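Q: Got a sequence here, can you build the structure:
(2 chains)
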2 protein chains.
Amino acid sequence: MKNLKIGLCGTGNVGYAFAKTIINSKALIEKNYGLSVSISLIGARKGKVQGLEDIHTVTDIYEVPKSNDVDVVVELIGGVEEAYELAKASLKNKKHFVTANKALVATHSKELFKLANENNVHFGFEASVAGGIPIIRIIRDGLISNKINSFAGILNGTSNFIFSKMADENLSFEAALLLAQEEGFAEPDPTFDISGQDAAQKTSILATLSFCKHAVIKNIFFEGIDNISPLDINFGKQLELILKPLSVGIMSTEGVTLGSFPAFVKKNSLLAPIENESNAVLINAENVGSTMYAGPGAGAKPTANSVLSDIMDVGDGKIFNYEKFVENPLFSSFENFSCDHYLRITVSDETGVVAKISTLLAENNLSIDNLIQKELDKSDGAIPLVIVINNSDEKIIQKTISDIQMLSEVKNPISHIRILEI
Amino acid sequence: MKNLKIGLCGTGNVGYAFAKTIINSKALIEKNYGLSVSISLIGARKGKVQGLEDIHTVTDIYEVPKSNDVDVVVELIGGVEEAYELAKASLKNKKHFVTANKALVATHSKELFKLANENNVHFGFEASVAGGIPIIRIIRDGLISNKINSFAGILNGTSNFIFSKMADENLSFEAALLLAQEEGFAEPDPTFDISGQDAAQKTSILATLSFCKHAVIKNIFFEGIDNISPLDINFGKQLELILKPLSVGIMSTEGVTLGSFPAFVKKNSLLAPIENESNAVLINAENVGSTMYAGPGAGAKPTANSVLSDIMDVGDGKIFNYEKFVENPLFSSFENFSCDHYLRITVSDETGVVAKISTLLAENNLSIDNLIQKELDKSDGAIPLVIVINNSDEKIIQKTISDIQMLSEVKNPISHIRILEI
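A: Numbers count the residues shown, from 1 in each chain, chains lettered A, B, ... in the order given. Sure thing, here's the model as predicted:
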């Protein structure tokens, strides 16, 4: 039986779950897949780990890629710089390298793909996007003959959890965030998730694979979720719209449009019932049409399982040449991204204000699809005015929003949420 | 570059789409996957096929597995007996064998897994279940460490299309079936789809892989969809339930429960928005929790793409040992399957009938969750009575239904639809 020795770097939640998965699944894997897998070496700065004392452990993680007793290095330390050094050291030492580190892949995939190819080893990163959904292998191995036209997904479980709680329990953003932290779905410092950066990194990885073009963070337009008010979620409900943290990638003749931002979807969208911390990815491809994949976005055990699926690829002798697969540069712009738009404008209760706004919209060739004016919600002489605008591209809607914002009757910043037909 | 020569048997819709996919994707596959694929031989009883005249064609399909110019035989002729002979001839001649034929796999997988193993060749059948969703490789390669607890899915696109049209356009079963035939989603003879046999075959394949136990048609409880009335769909709407053609597999300590039947799901179920001809599979596994995969269930191009993904496995040198993977016999019984139940009972408009039915329910220890009595729908002195019964197992509900059916006040056969929490 083929034997595969794993050098594990990082023994936090995910690393520990991965080690336990290997130990617990060893017999199953031998029977079902004819492969013997074991962790031969652990790199952990704090030394021996409780529950894994039997495994030889070194405190210098860089010892792991040097060991003759290691076939594949699994990086679960997180962070970019050390992980990057570890990845380079592993690949240069002709060790296969498997990681769950989205920041590492989003930042350095081009160089790492090249290094893996030069050294004829496999670089696996299934766990870096949508931890519990085998989305990388679906794109790579499942949709082979397909030109992928677009993808749209919910890639950040924290944001999805927050929106779900705001909608279902009528919580404020702050209260929903606190709940997410209490239940372990948000970090003590949640900046990375709620700023949209986490989703943007995952979007860049999905885009790179879907369109076979190198995407990096600067290619992605992204917006955070912290400006969303329960008011918007409630107005959305009246319009049969549900708020989701969305990431999209769209291929067109001009290039690729990439973005991560809060957006409304129609209540019959396949993405509408994807709630709480779940993730989902919808892919539209030339030969297959629309397919959707949904499941847990993170969590130690789902992530460990995805890492294991990469290990099995290595066991199968798979050395996927991502450098060859992704060989084109990517051109992207969000300027021409076109969709419907929701605007909530707080206006002073004076006659003529709706006329003024309508005139500005007409001047920009925008048409109103829906208008809600809630006199009942008046406070301090100001009332919310909700306008749904038909299909407009980014350039025009942004100009229009700043025109409206400058009207003296408009109080507070305008809330702007895109509405996507997916 | 590695070279793979395909012998294609069958040049109907799917076979033709597959040949065109190979021809059109050749350059892409060479670039992205470093593999050269070509069709070296076609077996087609009618001889040369228009559009594929350049490829050497034989009218005796059994010549294909004998050819020295063929590495992998692709079977797209359909039907069981000839496909079975072709599969055996191919595997015995040490040709890899790829098929889209669910009936073949459902009927003969055990023997074919064994033959493939003995001859050290790959047996691929990704396209046999949910044509456009790479569900076989997701279970096999993606959910490696997972004990699968259960699956639930919509595996028959024809039935899903019919229910969707009945619900959305208030059509009768017959009218919806006619529409499905007109739009090409149902065969001229639709028996196989609407009797539930098609879904049952796919259920047996999914069960075999999910639970690593050989399932065959006789293990599957199945019901057709032709007894469903628009009345049931409308009462369902009032109860916030949506009708779907469901297939389920549930592992328990007593064995595996397998069934394919029409069932109601709650309107917030992930399966609720899976409409028209789409398929979906929800899998619950120990380490990952719930994941869902949705997409087209059939169609020539999606099926061709799935066949191609198996070809790529062969190109990768993958020879998956299904015989080792699936080595246990399966014990199954539907008797203990437990869920809520919807009953529509047509009763004569006499006092006391609800009391009689309630008494029978109480005698069987069943509790009523919901009751709708529509005096307005009275015709010929009979009124529909809809009862939702809390969690009951099959044995008890079947006994109760026959008890109620025997009451003199009960006209027409009782409509019984299971309600699943998925």
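
Q: Could you look up the SS state of the residue lying closest to A:Glu118 once chain neighbours are set aside?
A: Counting by C-beta to C-beta, 6 or more residues apart in numbering or on different chains, A:Leu91 is the residue found nearest to A:Glu118 once chain neighbours are left out, at 8.0 Å. Where you see a C-beta, it was placed from the backbone N, CA and C, and this is true even at glycine. Using DSSP: H, G, I helix; E, B strand; the rest coil, the structure places A:Leu91 in helix.

Q: how close does A:Leu91 sit to B:Glu126?
A: With the distance defined as C-beta to C-beta, to the nearest Å, A:Leu91 ends up 31 Å from B:Glu126.

Q: picking that back up, mind listing what the residue nearest to A:Glu118 touches?
A: Going by C-beta atoms under 8 Å, 6 or more residues apart in numbering or on different chains, A:Leu91 touches A:97, A:112, A:115-116, A:118-119, A:121, A:123.

Q: same thing with A:Asn32?
A: B:144, B:212, B:324-325.

Q: hey, where'd the helices end up in chain A?
A: Applying DSSP state H to chain A gives helices spanning A:13-33, A:81-92, A:102-118, A:135-137, A:157-169, A:173-182, A:191-194, A:197-211, A:230-238, A:300-315, A:322-325, A:353-363, A:394-405.

Q: is it true that A:Val72 touches A:Cys9?
A: No - look at A:Val72 against A:Cys9 with C-beta atoms under 8 Å: they stay out of range, at 11.3 Å.

Q: so who does A:Val98 touch?
A: A:72-75, A:122-125, A:307, A:310-311, A:314.

Q: How about A:Ala152?
A: A:246-249, A:271, A:281-282, A:420, A:422.

Q: A:Ala175 now?
A: Taking C-beta under 8 Å, 6+ apart as the test, what A:Ala175 contacts is A:Lys165.

Q: A:Ala186 versus that one, what's the distance?
A: Distance of A:Ala175 to A:Ala186, given as C-beta to C-beta: 12 Å.

Q: burial of the closest residue to A:Ala116 other than its chain neighbours, as a residue count?
A: Nearest residue to A:Ala116 in three dimensions, chain neighbours excluded: A:Phe123, at 3.9 Å (C-beta to C-beta, 6+ apart). Per other C-beta atoms under 10 Å in any protein chain shown, the neighbour tally for A:Phe123 reads 26.

Q: quick one: A:Phe123 from chain B, how far?
A: Distance of A:Phe123 to chain B, given as C-beta to the nearest C-beta, to the nearest Å: 16 Å.

Q: Same question for A:Asp71.
A: Taken as C-beta to the nearest C-beta, the span from A:Asp71 to chain B is 17 Å.

Q: Then A:Met1?
A: 11 Å.

Q: Could you find the closest non-adjacent residue to that residue?
A: Counting by C-beta to C-beta, 6+ apart, the residue nearest A:Met1 is A:Ser36, at 5.1 Å.

Q: Tell me the strands beside the lowest-mean-pLDDT helix or strand in chain A, with direction?
A: Lowest on mean pLDDT, DSSP states H and E among the helices and strands of chain A sits strand A:328-329, with a mean of 85. The sheet places strand A:328-329 alongside strand A:213-214 (parallel), with pairing taken from DSSP bridges.

Q: Please enumerate residues in contact with the strand it pairs with?
A: Counting by C-beta under 8 Å, 6+ apart, A:109-110, A:207-208, A:256, A:326, A:328-330 sit against strand A:213-214.

Q: For A:Ile242, give me its contacts.
A: With the criterion set at C-beta under 8 Å, 6+ apart, A:Ile242 makes contact with A:167, A:236, A:264-267, A:269, A:272.

Q: now do 10 Å
A: A:163-164, A:167, A:233, A:236, A:263-269, A:271-275 (C-beta atoms under 10 Å, 6 or more residues apart in numbering or on different chains).

Q: now do A:Met406
A: A:Leu360.

Q: where does the stretch 51-200 of chain A have low pLDDT?
A: Along the stretch 51-200 of chain A, the parts satisfying pLDDT under 70 run over A:145-146.

Q: buried residues in stretch A:55-64?
A: If you call a residue buried by 16 or more other C-beta atoms under 10 Å in any protein chain shown, then stretch A:55-64 has these buried ones: A:55, A:57-58, A:61, A:63-64.

Q: Ok, stretch A:393-404 next?
A: A:394, A:396-397, A:400-401, A:404.

Q: Just give me the neighbour total for A:Ile311.
A: Using other C-beta under 10 Å as the criterion, the residues surrounding A:Ile311 number 28.

Q: shouldn't it be in contact with B:Ile144?
A: Yes - using C-beta atoms under 10 Å, A:Ile311 is in contact with B:Ile144, at 8.5 Å.

Q: Overlap of the contact sets of those two?
A: Counting by C-beta under 10 Å, 6+ apart, the residues touching both A:Ile311 and B:Ile144 are A:21, A:29, A:35.

Q: what residues are up against the first one?
A: So that's A:Thr21. With C-beta under 10 Å, 6+ apart, A:Thr21 has these contacts: A:29, A:37, A:300-301, A:303-305, A:307-308, A:311, B:144-146, B:287.

Q: do the same with the second one
A: When contacts are counted by C-beta under 10 Å, 6+ apart, A:Ile29 touches A:4, A:21-22, A:35-37, A:308, A:311-312, A:315, B:144-145.

Q: now do 8 Å
A: Counted by C-beta under 8 Å, 6+ apart, A:Ile29 has contacts A:35-37, A:312, B:144-145.

Q: Repeat that for the last one.
A: Listed by C-beta under 8 Å, 6+ apart, the contact partners of A:Leu35 are A:1-4, A:29, A:312, A:315.

Q: ok, the closest residue to it other than its chain neighbours to chain B distance?
A: Distances taken as C-beta to C-beta, 6+ apart place A:Gly315 nearest to A:Leu35, at 4.2 Å, with adjacent residues excluded. In this view, A:Gly315 and chain B are 10 Å apart by C-beta to the nearest C-beta.
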